[in-house]
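[1] coordinates only, sequence not included:
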């Protein structure tokens, strides 16, 4: 099965519809960076698997790779799809189309059936097909030398495919899983049997202890009849009813104890309220409150008088101020037509000046009483506040005495109601001793009731001991049987684990034998690519029984991952990946796709790679190689032989207006002329 064509539209960097026809022998794709060479490889992988597996991180800044699968540039494509076509050697063909709207038109199982050999394909076969058929520039070292030894072994094992014949490893795992499941069930059953036996033994010991306390049953029944109303029932029902009665009366006894405590507290409060000190304090507080109230009234009167005096003094000051203003105004204005400027009375100048002088003398002789009135008001206010504070304190004292009396009255009333509710004499509220005696009598009755119940339960326990002993013996037999079964199952689990390890080891040996096929192929490719001038061979080693490791060594046991340069690592990685590609017995797809494999590789090793690809193409492989250098593309077109039945083709890519990638030129590589090498040799000899 070979690649026939690839058609895509609106996929990644290709906006317009493009069709790339592949040559049956080889196809060379040429173009500078960013013109879509890698996108063609992405399109083949995406059509087959629905994903692009070359990115280490597929999510960043709240975006994912899925947001960039389809065209995101300017303009709108006519559609969004990828179609990859295949053609078999017998001429039959099939194609896979995957679009943005409807997904793939073929399911994975049908695609696997066309590209893989049934029964030998590995897990995730389509992903393995793409990983081992499409060799990308960024993954050459990452999928070879940079892998851990465990990852490298898994890559090679997956490339080899499933082991043919019965899957004994899966069967061994199923047997081990079943054995472990049976073991867990047996262990659970054994633990349950032991738990039941332990519980029965505990019950037996408790019952024996009760049986040892058995006393006079007749006296116990008589006591039971006197303290409960369970007569006429069977013994078990009477004991159960007595237990319920005992619980209820214990609760009532506890409440009676709290009532007794309340009686003592109320009695102490009553003694306090009725005491001479309380009465004297109450009377003194009442007298002090009355005196404080009188003092407050007197202080209030004094405060009001001081406020009235201050108002009078302020009014007098206001009149004096007005008079001073008038005198000053009259002295400045003077007489007006021998008349007073205020009252217009006829007056001489001497009389006018005499009047002004007399007014000035009266003003000068006057003394303001406002400061004294204010001082008197402040003192009156202070005395009033002090008297009010004393009144508040005395009223609080009176309230405390009144509250104590009200509390005594309320508690006495509540206590009497509680005693009545319990059918007790209300007089007990004033007799704590009598109530304590009633509580003690109830406690004694409860002790007798409990003793009678224990006696009757002991008589029943004697009968239960025999039954419990038989039950314990049966549980011992059941636990022993569960223990024997658990021991047998443990042996089976041990055997299953041994079998699983043996099968794993055998499978590992089979895989080792199959891996041995890769060693000469890897060495041959390594020698042809010549990554190192001195270390001309590369060896691999496998170790581990359950967890397997595959290591690569050059020279005197050196790890090429750490001693090779970047170019040497890529050349060695190409040899490894090509050997893996050629070792897939389960894959019918005979196409090798290389995406710019000569990055960081010098021209010398690039020429060796071209020769290796030419040899692979002559062995029947279809080679699809994308390169940046036009000269290298020309060399590939010359060295990858184009034959009449398997011609080659070259496609040149570039960007077009709008930023989209496009195939700008497609060229069929003409087959070499028959006998051209012989004629060239004859011409050289003649010259």
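    That came in fine, so what should we check first? Keep in mind that what you see is a predicted model, and the values were worked out from it rather than measured.
[2] quick one, domains of this protein?
    The domain map for the chain lists 2-141+588-686, 274-429, with the assignment taken from automatic domain parsing.
[3] for the longest one, give the mean pLDDT please.
    Confidence for domain 2-141+588-686, expressed as mean pLDDT, is 87.
[4] ok so, going back, turn the domains of the chain into JSON lines, columns for mean neighbour count and distance to residue 244.
    Every C-beta, even on glycine, is put in place using the N, C-alpha and C of the backbone. Written out in JSON lines, the entries for the domains of the chain read as follows (neighbours: other Cβ atoms under 10 Å; distance: least, Cβ to Cβ, whole Å):
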{"stretch": "domain 2-141+588-686", "mean neighbour count": "17", "distance to residue 244": "68"}
{"stretch": "domain 274-429", "mean neighbour count": "14", "distance to residue 244": "19"}
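[5] can you put those domains in CSV and add distance to residue 577?
    CSV is the format used below for the domains of the chain (distance: least, Cβ to Cβ, whole Å):
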stretch, distance to residue 577
domain 2-141+588-686, 5
domain 274-429, 96
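[6] local confidence estimate at the most far-flung residue of the chain relative to its centre?
    Counting by Cα atoms, centre = their mean, the extreme residue of the chain relative to its mean C-alpha position is residue 348, 110.7 Å from that point. In the predicted model, residue 348 carries a pLDDT score of 73.
[7] in contact with the closest residue in space to it that isn't next to it in sequence, which residues?
    Residue nearest to residue 348 in three dimensions, not counting chain neighbours: residue 338, with 7.0 Å by Cβ to Cβ, 6 or more residues apart in numbering. With contacts taken as Cβ atoms under 8 Å, 6 or more residues apart in numbering, residue 338 has the following neighbours: 346-349.
[8] go on, residue 635?
    Taking Cβ under 8 Å, 6+ apart as the criterion, residue 635 is in contact with 607, 610.
[9] what do you get for residue 666?
    Counting by Cβ under 8 Å, 6+ apart, residue 666 touches 20-21, 649-652.
[10] hang on, it in a helix?
    No - the secondary structure assignment for residue 666 gives strand rather than a helix, going by DSSP: H, G, I helix; E, B strand; the rest coil.
[11] how near is it to residue 527?
    Taken as Cβ to Cβ, to the nearest Å, the spacing of residue 666 relative to residue 527 amounts to 36 Å.
[12] of the domains of the chain, which is nearest residue 479?
    Counting by Cβ to Cβ, residue 479 lies closest to domain 2-141+588-686 out of these; the figure is 45.7 Å.
[13] centre of the chain to that closest one, how far?
    Domain 2-141+588-686 has its average C-alpha position 44 Å from the chain's average C-alpha position, going by Cα atoms, centre = their mean, to the nearest Å.
[14] helix, strand, or coil at residue 539?
    Secondary structure for residue 539, judged by three-state DSSP, is strand.
[15] am I right that it is in contact with residue 556?
    No - because the distance of 11.0 Å does not satisfy Cβ atoms under 8 Å, residue 539 is recorded as not touching residue 556.
[16] out of those two, which sits in the busier spot?
    residue 539 (14 against 6; other Cβ atoms under 10 Å).
[17] contact partners for that one?
    Residue 539 makes contacts with 519, 523, 552-554, as judged by Cβ under 8 Å, 6+ apart.
[18] out of those, which are buried?
    The neighbour-count criterion (16 or more other Cβ atoms under 10 Å) marks 523, 552, 554 among the contacts of residue 539 as buried.
[19] looking at those, which are in helices?
    Among the buried ones among the contacts of residue 539, the residues falling in helices (DSSP state H) are residue 523.
[20] same list (the buried ones among the contacts of residue 539) but as a markdown table, adding distance to residue 276 and pLDDT.
    Putting these into a markdown table (distance: Cβ to Cβ, whole Å; pLDDT from 0 to 100) gives the following:
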| residue | distance to residue 276 | pLDDT |
| --- | --- | --- |
| 523 | 122 | 82 |
| 552 | 111 | 86 |
| 554 | 115 | 88 |
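[21] closest one of the buried ones among the contacts of residue 539 to residue 636?
    Within those, proximity to residue 636 (Cβ to Cβ) peaks at residue 523, which comes in at 24.8 Å.
[22] can you tell me how far that closest one sits from residue 542?
    For residue 523, the distance to residue 542 equals 16 Å [Cβ to Cβ].
[23] residue 610 too?
    Computed with Cβ to Cβ, the distance linking residue 610 and residue 542 is 32 Å.
[24] residue 13 too?
    42 Å.
[25] pLDDT below threshold where in the stretch 301-450 of the chain?
    Low-confidence segments of the stretch 301-450 of the chain, defined by pLDDT under 70: 342, 363, 365-367, 423-432.
[26] mind listing the helices for it?
    With DSSP state H, counting those that start in this stretch, the ranges of helices along the stretch 301-450 of the chain come out as 349-365, 370-421, 432-515.
[27] tell me which of these lies nearest to residue 29.
    Among these, the nearest to residue 29 by Cβ to Cβ is helix 432-515 (33.3 Å).
[28] the closest one - contacts with which helices or strands?
    For helix 432-515, the contact count by 3 or more Cβ pairs under 8 Å, 6 or more residues apart in numbering; DSSP states H and E identifies helix 149-160, helix 168-211, helix 217-227, helix 235-274, strand 538-543 as packing neighbours.
[29] pick the most deeply packed of those.
    Each of the helices and strands packed on helix 432-515 was given a mean neighbour count from mean count of other Cβ atoms under 10 Å, and the largest, a mean of 19, is that of helix 149-160.
[30] just want the angle from that helix to strand 538-543.
    Helix 149-160 runs at 100 degrees relative to strand 538-543, counting by axes from the mean of the first three to the mean of the last three Cα atoms, to 10 degrees.
[31] tell me where the stretch 501-650 of the chain has helices.
    When secondary structure is read from DSSP H, counting those that start in this stretch, the stretch 501-650 of the chain shows helices at 518-529, 560-563, 566-582, 603-618, 630-639.
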